[in-house]
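J.: my questions are about this predicted structure, shown below with the sequence.
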Amino acid sequence: VLFTPCLLSPLNNFLIPYFRESALLVLFGQGKSGREAERFLEPLPIGLAWDYQGHVTLPCCCCLTLFIMSPSMWWAQAYLCIWAFFFYLFQRFMHLRVCKKM
């Protein structure tokens, strides 16, 4: 549940719109100028307001696992911390390289 939005977000926000707009441009874009064609293929703007999952929810879940007493809970804590680190780097890449700056 925590990881599904992170993994599907690039598909829904970047790949599908790019291919959809590319297909529309190829099929119906004969009369378009170069600038209009570029605007069709622009990425979406940065959605910092919708990235709460990686910045708030995930660290809270990591900290909440510390309150569960189990001999193997430290493995779960370690995996969640590794995922949080990966997700931080992934979001950094998405925000700085893939999204359109405002």
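T.: Great, that's in hand. Numbers count the residues shown, from 1 in each chain.
J.: and the lengthiest helix in the chain, what's buried?
T.: Scanning the chain for the helix with the most residues, using DSSP state H, yields helix 73-93. Across helix 73-93, burial judged by 16 or more other CB atoms under 10 Å covers 77, 80, 83-84, 87, 90-91. In this view, the C-beta of every residue, glycine as well, is placed from N, C-alpha and C.
J.: pick the one among the residues you listed closest to residue 62.
T.: Nearest to residue 62 out of those is residue 80 (CB to CB; 4.4 Å).
J.: poorly predicted segments of the chain, please.
T.: Applying pLDDT under 70 to the chain picks out residues 1-3, 5-6, 47-54, 98-102.
J.: in CSV: the buried residues of helix 73-93, plus distance to residue 21.
T.: CSV is the format used below for these (distance: CB to CB, whole Å):
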residue, distance to residue 21
77, 42
80, 37
83, 32
84, 33
87, 27
90, 24
91, 24
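J.: just the closest of these to residue 43, please.
T.: Taking CB to CB as the measure, residue 43 lies nearest residue 91 of the buried residues of helix 73-93, at 14.8 Å.
J.: helices along the chain, start to end?
T.: Using DSSP H, helices in the chain cover 4-10, 16-28, 34-40, 52, 58-64, 73-93.
J.: now tabulate those in CSV and tack on distance to residue 46.
T.: Converted to CSV, the helices of the chain look like this (distance: least, CB to CB, whole Å):
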stretch, distance to residue 46
helix 4-10, 12
helix 16-28, 15
helix 34-40, 17
helix 52, 14
helix 58-64, 19
helix 73-93, 10
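J.: pull the contacting residues for residue 25.
T.: 32, 37, 40-41 (CB atoms under 8 Å, 6 or more residues apart in numbering).
J.: ah, wrong one, I meant residue 66
T.: Counted by CB under 8 Å, 6+ apart, residue 66 has contacts 73, 77.
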